[in-house]
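Engineer: this is the structure alone, sequence omitted:
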């Protein structure tokens, strides 16, 4: 039995909707997120420095993401619509030849 392309599209859009729902829920739970490209370099540099001489730890470098109030709700709404629609789309019937 082979998978038809319509089933693959349905699974892809269902997964896309679920990912959007999960990211929306995560954005509801956080205030901000730090995207740090060099986390291993920062920890190596922090271990080489003397912690007794520095009163403050080094500030992390990277981009800070602060979601707006509307962002998680938009992700939840669009993700729900995509996931539900991917399941509601009619499955195409297999091709059948009728004898007249």
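Structural biologist: Done, it's in. The shown structure was predicted, so the numbers you read here are calculated from the model rather than taken from an experiment.

Engineer: after the helix or strand of the chain with the lowest mean pLDDT comes which helix or strand?
Structural biologist: Ranked by mean pLDDT, DSSP states H and E, the weakest helix or strand in the chain is helix 39-48, scoring a mean of 54. Per DSSP states H and E, the first helix or strand lying C-terminal to helix 39-48 is strand 63-65.

Engineer: buried residues in that next one, which are they?
Structural biologist: Within strand 63-65, no residue counts as buried by 16 or more other CB atoms under 10 Å. Where you see a C-beta, it was placed from the backbone N, CA and C, and this is true even at glycine.

Engineer: what's the answer for stretch 6-16, then?
Structural biologist: Buried-residue list, stretch 6-16, by 16+ other CB under 10 Å: 10, 13, 14.

Engineer: go through those residues and flag which are in strands.
Structural biologist: Using DSSP state E, no member of those sits in strands.

Engineer: now pLDDT and distance to residue 66 too, for the residues you listed, in TSV please.
Structural biologist: Listed next are these as TSV, based on pLDDT from 0 to 100; distance: CB to CB, whole Å:
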residue	pLDDT	distance to residue 66
10	87	35
13	92	29
14	93	30
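
Engineer: which of the residues you listed fall in helices?
Structural biologist: 10, 13, 14 (DSSP state H).

Engineer: the first one reaches residue 89, doesn't it?
Structural biologist: Yes: with contacts counted by CB atoms under 8 Å, residue 10 reaches residue 89, the gap being 6.4 Å.

Engineer: just for this structure, where's the confidence low?
Structural biologist: 1-5, 38-60, 90-100 (pLDDT under 70).

Engineer: now residue 35, which residues is it bridged with?
Structural biologist: Beta bridges link residue 35 to residue 63 when assigned by DSSP bridges.

Engineer: heads up, I number from 46, so please use that
Structural biologist: With 46 as the first residue, the last one maps to residue 80.

Engineer: distance of it from residue 124?
Structural biologist: 21 Å (CB to CB, to the nearest Å).

Engineer: ok, the two, which is more surrounded?
Structural biologist: residue 124 (20 against 9; other CB atoms under 10 Å).
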